[in-house]
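*Asks:* have a look at this fold, sequence not included:
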């Protein structure tokens, strides 16, 4: 759940969080199609079916909306990784589970894929410096989870004897390039089928005895 709208919360707080979620989802669609600079607060208000005044009771600015959107998606991606890497299994099984679960999530949020790959250029340092420190923190915490699994795999002999950080960078690059290429060439296609292709590349570069 991206925002807390639990029935245990007071009604006004639930409604506020629900309205914030509706604004963020409307803004996500607009940022993906029109770009950050091409999207006006009025556009977001119209799409979410709120007044501009109502928008400003929920968010301080368009920048705040953008940062909050990235924070929300960043937290969701982190939770996917945390679940995948805290579950049992070998290091390779954790990597596979994380990748498949993440692609399923991205299939549900194609607009976010566009925003991250094309508007943020996939570089979290830019987000940290200019837009969303929260997203950067979630991104880095997600990387730490994956890095720990890779370190465990190298230490156990399951993965090749290489610098874990280098292996993580290689994996990051492969995932981003595969997703960017598919999103550009086939924007409506599911990303999940990419998993088998990426896992084959991963296994050849990461696993000591590559799987067929």
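*Replies:* The structure has been received and is ready for your questions. Just so you know, these numbers come straight off a predicted model, no measurement behind them.
*Asks:* contacts only, for residue 179.
*Replies:* Neighbouring residues of residue 179 by C-beta atoms under 8 Å, 6 or more residues apart in numbering: 106, 113, 117, 191, 194. Where C-beta positions appear, they are placed from N, C-alpha and C, glycine not excepted.
*Asks:* now residue 162. Its backbone dihedrals?
*Replies:* The phi/psi pair for residue 162 (degrees, to the nearest 10) reads phi -140, psi 170.
*Asks:* against residue 88, how distant is the nearest residue to it once chain neighbours are set aside?
*Replies:* Leaving aside its sequence neighbours, residue 162 sits nearest to residue 154 (C-beta to C-beta, 6 or more residues apart in numbering; 7.0 Å). The spacing between residue 154 and residue 88, counted by C-beta to C-beta, to the nearest Å, is 19 Å.
*Asks:* tell me, how many residues neighbour the residue nearest to residue 162?
*Replies:* 19 (other C-beta atoms under 10 Å).
*Asks:* same deal with the one 4 residues further on?
*Replies:* Applying other C-beta under 10 Å, we find 17 other residues in the vicinity of residue 158.
*Asks:* that one touches residue 89, doesn't it?
*Replies:* No. The pair residue 158 and residue 89 does not pass the contact test of C-beta atoms under 8 Å, sitting 11.1 Å apart.
*Asks:* which element follows the helix or strand of the chain with the lowest mean pLDDT toward the C-terminus?
*Replies:* None of the helices or strands of the chain scores lower by mean pLDDT, DSSP states H and E than helix 124-126, at a mean of 51. The helix or strand immediately downstream of helix 124-126 is helix 133-156, counting by DSSP states H and E.
*Asks:* just the strands from the chain, written as ranges.
*Replies:* Using DSSP state E, the chain contains no strands.
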